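> this one's sequence-less:
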């Protein structure tokens, strides 16, 4: 079993904690290379592939987030006490008070905001186990998968989908996910319809 870090925004951390987010999509960077193709692998699934002319061999790409059975530990934006603001993360210990930005509002005494990429493993509170990995075009996402990306659902006359704290709500979960994707990746990122890794996971409960 391999562990890897993964970054999530505050709204997605809240969805992970609520159990409503069980998938994430990340752009398949290799697909930007002209010689990379999407072919069916031995399991009959679309998968990124490259022919190595120098070695006369096929090369199948592996997902940078791992394979089923591997684990992901979540990095999120955080703070510690103001007195520790000059101290780099590597010198902080679990004895220091930590506030997670996803849990705002905070009590008084917290310090400056620290980026998720600077969160040490020892402060991570969420561990995920990868249960499935595949590739697909971004716009091929289904309604069910869009909801599994962590959308909130407001019941009423039908259902309205979106992310709490935003104004991008829709009765179409795919359109709601499109708004979420573009808020993270830019206004033209949905139209580009890139190949993406689809990583499915479940939360690993901490030992009692």
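That came in fine, so what should we check first? Quick caveat, the model's predicted, so the values are computed rather than measured. Numbers count the residues shown, from 1 in each chain.
> only C-alpha atoms for contact and neighbour calcs from this point on.
Fine.
> Report how many residues lie close to residue 105.
Using other CA atoms under 10 Å, residue 105 has 9 other residues around it.
> cool, residue 134 as well?
There are 16 residues near residue 134, going by other CA under 10 Å.
> So what does it look like in phi/psi?
Torsion angles at residue 134 (phi, psi; degrees, to the nearest 10) stand at phi -150, psi 170.
> Bridged to it, which residues?
Per DSSP bridges, the residues bridged to residue 134 are residue 198.
> Please list all residues in contact with it.
45, 46, 47, 197, 198, 199 (CA atoms under 8 Å, 6 or more residues apart in numbering).
> The second one contacts residue 38, doesn't it?
Yes - if you go by CA atoms under 8 Å, residue 46 and residue 38 touch, sitting 5.9 Å apart.
> if we can go back for a sec, same list (the contacts of residue 134) but as JSON lines, adding neighbour count and distance to residue 33.
Formatted as JSON lines, those follow (neighbours: other CA atoms under 10 Å; distance: CA to CA, whole Å):
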{"residue": "45", "neighbour count": "13", "distance to residue 33": "20"}
{"residue": "46", "neighbour count": "15", "distance to residue 33": "17"}
{"residue": "47", "neighbour count": "21", "distance to residue 33": "14"}
{"residue": "197", "neighbour count": "24", "distance to residue 33": "16"}
{"residue": "198", "neighbour count": "23", "distance to residue 33": "19"}
{"residue": "199", "neighbour count": "21", "distance to residue 33": "21"}
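> Return the closest of these with respect to residue 89.
Of all the contacts of residue 134, residue 89 sits closest to residue 199, with 28.6 Å by CA to CA.
> Which residue, other than its chain neighbours, is closest to that closest one?
residue 133 (4.7 Å; CA to CA, 6 or more residues apart in numbering).
> give me every residue that touches that neighbour.
Residues counted as contacts of residue 133 (CA under 8 Å, 6+ apart) are 63, 67, 68, 197, 198, 199, 200.
> Just to check, the fifth one is in contact with residue 25?
Yes - look at residue 198 against residue 25 with CA under 8 Å: they come within range, at 4.8 Å.
> measure residue 35 to residue 117 for me?
According to CA to CA, to the nearest Å, residue 35 stands 31 Å off from residue 117.
> Compare the two and say which is more crowded by neighbours.
Set residue 35 next to residue 117 and count neighbours by other CA under 10 Å: residue 117 wins out with 15 against 11.
> Grab the nearest non-local neighbour of the more buried one.
residue 75 (6.4 Å).
> Bridged to the one you found, which residues?
residue 7.
> and it, how far is that from residue 160?
In terms of CA to CA, residue 75 sits 29 Å off from residue 160.
> So what touches the lengthiest helix in the chain?
Counting by DSSP state H, the longest helix found in the chain is helix 173-185. Outside helix 173-185, the residues that touch it by CA under 8 Å, 6+ apart are 141-143, 146-147, 149, 151, 160-163, 168-170, 188-190.
> same thing but at 6 Å, please
With contact meaning CA atoms under 6 Å, 6 or more residues apart in numbering, helix 173-185 is reached by 143, 146, 161, 162, 169, 170, 189.
> Would you mind confirming that the fifth one makes contact with residue 162?
This points to residue 169. Yes - judged on CA atoms under 6 Å, residue 169 makes contact with residue 162 at a distance of 4.5 Å.
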